[in-house]
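# With the sequence up front, the predicted model follows.
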Amino acid sequence: MSRKFIAAVLAVSTAIAGFSAAPARAASEDDIAKLLAGAATIFIIGKAIENSRDKDRKDKTHKKKTVKKHYTHPNVIDHQPIPKVVPRHRHQFDRYTALPRKCVRRIEGGHVKRVVMGRCLERNYNSARALPRACRMKVATQRGTRRAYALPCLRHRGYTLARN
């Protein structure tokens, strides 16, 4: 239904209610029942209007999508699409470069025995920023706490140590 029609109906009903106004009196059970029935009727009509609007919107916005099939030669039995190459990530290239052995330190206390020191890696390893954060930890040195990477964690993720 249009908004103009609903507005006109509301205006007419408000005008009629104003003409038929009676002096104030206590409400009886019949009056309360009539009031509730009227409110329920208005609620049901409003819901019907809302549902019809929602249905109209869904019909306009959701059109059937056609699925395009790839072309296959009539003599080909296999109907699978051509596979695509997945690009390698930067971290996979970094794993082929060995970590410098001179950056490895032994530590005491904790569950990790050997770590690779962060500052040493920054100076001697080009891809130090690409190391996994899950392996990062802090260790206490004579000059305060420093950043390090757990060696077993790095090995588990494919990193190796240089032989020299």
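Arrived safely.

# And for the helix or strand containing Arg146, what's in contact with it?
Counting by DSSP states H and E, the element that carries Arg146 is strand 144-150. Contact with strand 144-150 is made by 105, 107, 112, 115-119, 121, 131, 135-139, as judged by CB atoms under 8 Å, 6 or more residues apart in numbering. C-beta: built from backbone N, CA, C; applies to glycine.

# what about 10 Å?
By CB atoms under 10 Å, 6 or more residues apart in numbering, the surrounding residues in contact with strand 144-150 are 99, 103-105, 107, 110-122, 128, 131-141, 156, 159.

# Kindly report the same for stretch 113-130.
89-91, 93-95, 97-107, 131, 135-139, 141, 146-155, 159, 161-162.

# other SSEs contacting the longest helix seen in the chain?
As assigned by DSSP state H, the longest helix anywhere in the chain is helix 29-61. Applying 3 or more CB pairs under 10 Å, 6 or more residues apart in numbering; DSSP states H and E, we find helix 29-61 packed against helix 3-19.

# circling back: would you mind checking the contacts of stretch 113-130 for buried ones?
94, 99-100, 103-104, 107, 131, 135, 137, 139, 146, 148-151, 153-154, 159, 161 (16 or more other CB atoms under 10 Å).

# Just the ones in strands from those, please.
In this view, the buried ones among the contacts of stretch 113-130 that belong to strands under DSSP state E are Val104, Met137, Val139, Arg146, Ala148, Tyr149, Ala150.

# wait, what's in contact with the second one?
If a contact means CB under 10 Å, 6+ apart, then Met137 has Ile107, Gly110, Val112, Val115, Gly118, Arg146, Arg147, Ala148, Tyr149, Ala150, Cys153 as its contacts.
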